[in-house]
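[1] below is the structure, and that's it, no one-letter string:
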């Protein structure tokens, strides 16, 4: 129990530090959202100062931070300067979209990586292993930018999939089935792209973890006892490799919000990625900070989850 | 025999070169995730003396604290309490500056020569390093001295640019000895230095060490668990058990009349060469 | 293929590619900013050896391009105008390696002929030239940022590993902070912190500095590991026995043990940082027009009509793949080589 409390405190402190760090970073930037207004002769300086004061942009950084932190604990993430409305609802919707995409992609990646990784390790240096090795290396070399652009090109050229977006604007009412199909079609390309980007990393880790387990002395001893290979693989090696797998799982959760950012931008999926870029370009401070914080929360939570799962599953860690 | 000549010399020099008094060393370790600490006692009230120009063998089983004693004496670790008298000075009290100068006089040879030599440096660089550290001479003069030392320990001059992995185990240990001699020390501590070598190499190195001792009036502290080796080279023997020195006597006396029960056990466990031959032939 | 061949092979290929980019002025037929307003989105120029009358020319040539009067935007080759390709000829002025003035180009054709080996973009700028010049920016950004990250990583890792104690705690906790931040988002956020309207070279430097400052944590951890194991080695203890100072031990004994890790990290970090710069520029958050970077070259692809109608605009993206392949292959080969040396 002490271990868990320790980790929890650690995580909270880390988040606090991150929040201050990202907040300060953006606030020290010269210029702010209303800079463009300055050029407009119809808006007087007093009006500008007034607007700035209204958004609290004229107070010193620590004050703004304290204010922001306090409202954060109340569930209020600040105000978006672009939409003049609260940040939270916008973020919620976008985050939901992102999670749908990255969740699907991660699931897909795991469903493919587990069998490939385990098979490669079981039949080491067999033809399947070699092919998957080459394919993994090839996939790793292709920059994700190029991959997503390629997928977009594919969509445009062949017309099999919609070229971006999350839904098509339906003229007239549409029933649940066709709108679901439409949604699914839109989801395929980005999810596939993100899955392909994560796949090689997963396969490599899984294969390495399984190999280590398969070559350990206790497994060789079990083999010497005549235990059949399939049982060895799933009842002996897989549990031994589970530590690495759990860490990898934690990593998946941790990067859940950021892994699909580029795909969202290129394939116009309305998630956190495009919102972030827009907000940066327009200096919509609170939105940027909120997004960075949210993804940091996921990162820290993912690692914490992995730690907790390891604690629960591995008695050696409990004994310490 | 060597021992007789030395015995005569001993009478003229009253004060031993090294006198270790009640030396203790303990470590404090923390348990992970809690505040609890536990103490490891590595040395408990150890005392021994070494006379100049002689070889003192320190025997005992693993874990008895021999290496810790060696390291404290070689100034590689700080003792927790006690005194180390070396030629009239208490090493425990020295300031860092004084320590720097004192290091020349005591040197340690490690058990595993491979780990004791930096694999990236050449043989000459390794032997010359102590001179460089103590800022002696120029690069050229250091190289010259390194070659001299290598010749002294029986390494041919063409090994100058070879790296440690190109030497055999015995040669690496010779290299380590050459390095240790660079600063002309008075005391050489051999921490199980011959244990990792085969018998042939052990013999050769024992001979070399004996030559060097005679030529440069070196004093040796020879730590070993091998009694056969000890019987060949030691003038005096100290026995260590459970982190304490239990007995110290001249070699002849110890083998003839062991006093402490532990010493007796130790000697009893050692098979003599004659008895082995008898068993085999029977 | 033996290990050594693999390693040297990839390194030589990489060096050749970098030479191409370094001497971009020589290898590129044109400058990166020269507009050709009448020749926007022109496809790659075809090179011919046989002309319309059936004569074989020894020297390859291109036909003149002109707009098809019937279809706007489509180009037709005019077979009456033949422009032979000249090698090692004089063209527009440029600075060789940024220092020496030169007018020597590897390939060119006489005016008003045009040699667009990779087509042109929306402003009629030669894509091949922009690719080579852009490589300078992107690769340089990658190298400098990687170097900076490694430098900080070495300093932090060595201090933390060698001295341990509270220094170690503070530095490693700081590193955790940096590792916990989602780097892509952080990169965006920090870029946002930079003023949007400052001089080009300042943007570049700040960008590089930011990338380098974010990524030190992972190399630092690795180096700390090496330092921790190195300082326990017996030869370090022996050196201490001779009275060696900490500085001597670190420089002579500990740091050399890290060279292997540093080299492999370098080959891994450079492509990552190059990609980071490309991504940033692609999104408009990096260097901006008219300075070419591989990212700005790809930015045009965000418009659907460009992507669907003008296939040659995708070529820079395709050419990125072999570059990264070379880097990763070099990293692999290096790791293998280092693992096999008996150190």
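    Happy to help now that I have it. All values reported here derive from a predicted model rather than from experimental measurement.
[2] if I pick the residue nearest the centre of chain C, what's in contact with it?
    The residue lying closest to the centre of chain C (CA atoms, centre = their mean) is residue C:139, at 2.1 Å. By CB atoms under 8 Å, 6 or more residues apart in numbering or on different chains, the contact list for residue C:139 reads C:18, C:21, C:274. Quick note: C-beta positions are derived from backbone N, CA and C, even for glycine.
[3] residues of stretch B:178-196 that come out buried?
    Residues of stretch B:178-196 classed as buried: B:178-183, B:185-194, B:196 (neighbour count, 16 or more other CB atoms under 10 Å in any protein chain shown).
[4] so how far is residue C:170 from the residue nearest to the centre of chain C?
    Plainly put, residue C:139 is 35 Å away from residue C:170 if you go by CB to CB, to the nearest Å.
[5] how close does residue C:272 get to residue A:16?
    From residue C:272 across to residue A:16, the span is 29 Å (CB to CB).
[6] which of the buried residues of stretch B:178-196 are close to chain C?
    When contact is defined as CB under 8 Å from any CB of the partner chain, the buried residues of stretch B:178-196 meet chain C at B:179, B:183.
[7] strands of the stretch 101-250 of chain B, residue ranges please.
    B:106-109, B:187-191, B:219-224, B:236-241, B:244-250 (DSSP state E, counting those that start in this stretch).
[8] want to try JSON lines for the ones you listed, with mean pLDDT and distance to residue A:292 as columns?
    Shown next, in JSON lines, are these (pLDDT from 0 to 100; distance: least, CB to CB, whole Å):
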{"stretch": "strand B:106-109", "mean pLDDT": "92", "distance to residue A:292": "55"}
{"stretch": "strand B:187-191", "mean pLDDT": "92", "distance to residue A:292": "56"}
{"stretch": "strand B:219-224", "mean pLDDT": "91", "distance to residue A:292": "60"}
{"stretch": "strand B:236-241", "mean pLDDT": "87", "distance to residue A:292": "62"}
{"stretch": "strand B:244-250", "mean pLDDT": "82", "distance to residue A:292": "62"}
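[9] give me the nearest residue to residue C:120, chain neighbours excluded.
    Closest residue to residue C:120 apart from its sequence neighbours, by CB to CB, 6 or more residues apart in numbering or on different chains: residue C:42 at 4.5 Å.
[10] for that neighbour, grab phi and psi.
    According to degrees, to the nearest 10, the main-chain angles of residue C:42 amount to phi -80, psi 140.
[11] hmm, it is touching residue C:117, no?
    No. Using CB atoms under 8 Å, residue C:42 makes no contact with residue C:117, being 11.2 Å away.
[12] anything in stretch C:168-177 near chain B?
    No. On the criterion CB under 8 Å from any CB, stretch C:168-177 is out of touch with chain B, staying 13.2 Å away.
[13] list the buried residues for that stretch?
    Quick answer for stretch C:168-177 (16+ other CB under 10 Å): C:168, C:171, C:172, C:174, C:175, C:176, C:177.
[14] just how off-centre is the host helix or strand of residue C:296 within its chain?
    Take DSSP states H and E as the rule and residue C:296 turns out to sit in helix C:294-299. Distance of helix C:294-299 from the chain centroid (CA atoms, centre = their mean, to the nearest Å) equals 12 Å.
[15] what helices or strands is it leaning on?
    helix C:127-163, helix C:255-282, helix C:315-340 (3 or more CB pairs under 8 Å, 6 or more residues apart in numbering or on different chains; DSSP states H and E).
[16] quick one: which of the ones you listed is nearest residue C:121?
    Residue C:121 sits nearest to helix C:127-163 of all those, at 6.1 Å, using CB to CB.
[17] mean confidence score for the closest one?
    Helix C:127-163 comes out with an average pLDDT of 92.
[18] picking up where we left off before, the helix holding residue C:296: what's the following helix or strand?
    Per DSSP H and E, helix C:294-299 leads on to helix C:304-309 as the next helix or strand towards the C-terminus.
[19] what residues does that following helix touch?
    With contacts defined as CB under 8 Å, 6+ apart, helix C:304-309 is touched by A:149, A:152, A:153, A:156, A:157, A:163, C:41, C:122, C:300, C:301, C:313, C:314.
[20] what are the buried residues along it?
    For helix C:304-309, by 16+ other CB under 10 Å, it's C:306, C:307.
[21] the closest residue to residue A:274 other than its chain neighbours: neighbour count?
    Spatial nearest neighbour of residue A:274, excluding adjacent residues (CB to CB, 6+ apart): residue A:265 at 5.2 Å. The local packing of residue A:265 (other CB atoms under 10 Å in any protein chain shown) involves 23 other residues.
[22] residue A:265 against residue C:280, yeah?
    No. At 11.8 Å, residue A:265 does not count as touching residue C:280 under the criterion of CB under 8 Å.
[23] so for residue C:42 and residue C:117, which sits in the more crowded spot?
    Regarding residue C:42 and residue C:117, a neighbour count based on other CB under 10 Å identifies residue C:42 as having more, with 23 against 18.
[24] quick one, what contacts that one?
    Applying CB under 8 Å, 6+ apart to residue C:42 gives the contacts C:36, C:65, C:75, C:114, C:116, C:119, C:120, C:124.
[25] just among those residues, which is most surrounded?
    residue C:120 (29 neighbours).
[26] give me the below-cutoff pLDDT ranges for the stretch 201-320 of chain A.
    By pLDDT under 70, the low-scoring segments of the stretch 201-320 of chain A are A:319-320.
[27] for it, which residues are neighbours of chain C?
    Residues of the stretch 201-320 of chain A found near chain C (CB under 8 Å from any CB) are A:255, A:257-258, A:261-262, A:265-266, A:276-277, A:279-281, A:283, A:288-289, A:291-292, A:295-296, A:299-300, A:303.
[28] mind giving me the PyMOL command for buried ones among those?
    To isolate the buried members of these in PyMOL, using 16+ other CB under 10 Å:
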select buried, chain A and resi 255+257+258+261+262+265+266+276+277+279+280+283+288+289+291+292+295+296+299+300+303
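[29] closest point of the stretch 151-282 of chain B to chain A, which residue?
    When scored by CB to the nearest CB, the stretch 151-282 of chain B has residue B:196 as its residue closest to chain A, at 25.9 Å.
[30] got the contact list for that residue?
    Counting by CB under 8 Å, 6+ apart, residue B:196 touches B:111, B:112, B:113, B:169.
[31] can you tell me which of these are buried?
    Among the contacts of residue B:196, those classed as buried by 16+ other CB under 10 Å are B:111, B:112, B:113.
[32] roughly how far does the second one sit from chain A?
    What it means is residue B:112. Applying CB to the nearest CB, to the nearest Å, the value for residue B:112 to chain A is 25 Å.
[33] what's the answer for the last one, then?
    In this structure, residue B:113 and chain A are 30 Å apart, going by CB to the nearest CB.
[34] next: the first one.
    The span separating residue B:111 from chain A equals 28 Å under the rule CB to the nearest CB.
[35] was I right about that residue contacting residue B:197?
    No. Between residue B:111 and residue B:197 there is no contact under CB under 8 Å: 10.0 Å.
[36] what does the model give residue A:39 for pLDDT?
    pLDDT at residue A:39 comes out at 63.
[37] I meant residue A:136, not that one.
    What the model reports as pLDDT for residue A:136 is 89.
[38] what helix or strand does the residue nearest to residue A:274 sit in?
    Short version, using DSSP H and E: residue A:265 is in helix A:261-266.
[39] what's in contact with that helix?
    Applying CB under 8 Å, 6+ apart, the contact partners of helix A:261-266 are A:98, A:101, A:144-145, A:148-149, A:152, A:164, A:190, A:193-194, A:197, A:269-274, A:276-277, C:184-185, C:279, C:283, C:302.
[40] can you check stretch B:56-71 too?
    B:20, B:23, B:25, B:42-44, B:46, B:48, B:50, B:77, B:108, B:189, B:191-192, B:220-225, B:227, B:230, B:233-244, B:248, B:251, B:266.
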